[in-house]
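Peer 1: Predicted model and sequence below, questions to follow.
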Amino acid sequence: MSTEPFSNEEEAQNEAVFSEINITPLTDIFLVLLIIFMVTSSVIIAPPSSSNPSGIRVNLPQGGNASTTLPVDDLSIAVLADGRLVASGHVVSPQELETLFREAKSKAPHTLVVIQADEGVPHGKVVEVMGMAQTAGLEQLAIGVRQTQP
């Protein structure tokens, strides 16, 4: 064994080994960020309940306290939880509703269609009713909401 110091060539070889980038700390940072993201995303989503079956909190806008009486040329359509359509207090079929929309368009071209859907009605059913109104030429659509309690 030699006790003499390293030569310059050996030092250059040792430095070359350490000149590469060490990605281990970078990987550690990404893993910590991933864990933080997973923990915060589980806190954001609320557990499912009877009033919110999806488990995701959605802050819906509340309806205004404006007058709820409808002018004569407005048409109110109710979509019940079981999918039935109600117009003017009578249950109607989709074909009868389309006829009703066409008649309303011929009487008053700017008829406002107010759709009042039960909370349990699938979104697609409401969109279907809106599509029928637009097909008949009624472009002014509104969604009925519950008044806020003061």
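Peer 2: Perfect, I can see it now. Numbers count the residues shown, from 1 in each chain.
Peer 1: right, and the helix or strand after the helix or strand bottoming out on mean pLDDT in the chain?
Peer 2: One helix or strand of the chain scores below all others by mean pLDDT, DSSP states H and E: helix 8-17, with a mean of 59. For helix 8-17, the following helix or strand on the C-terminal side (DSSP states H and E) is helix 24-44.
Peer 1: Go ahead and confirm S76 touches Q116.
Peer 2: Yes: using Cβ atoms under 8 Å, S76 makes contact with Q116 at a distance of 6.4 Å. Using the backbone N, CA and C atoms, a C-beta is placed for each residue, glycine as well.
Peer 1: where do the helices sit along the chain?
Peer 2: Using DSSP state H, the helices of the chain run over residues 8-17, 24-44, 94-107, 123-135.
Peer 1: Any chance of TSV for the ones you listed, columns mean neighbour count and distance to S88?
Peer 2: Converted to TSV, the helices of the chain look like this (neighbours: other Cβ atoms under 10 Å; distance: least, Cβ to Cβ, whole Å):
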stretch	mean neighbour count	distance to S88
helix 8-17	9	86
helix 24-44	9	44
helix 94-107	15	8
helix 123-135	15	15
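Peer 1: Same list, the ones you listed, but as a markdown table with distance to V145 please.
Peer 2: Listed next are the helices of the chain as a markdown table, based on distance: least, Cβ to Cβ, whole Å:
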| stretch | distance to V145 |
| --- | --- |
| helix 8-17 | 70 |
| helix 24-44 | 26 |
| helix 94-107 | 21 |
| helix 123-135 | 13 |
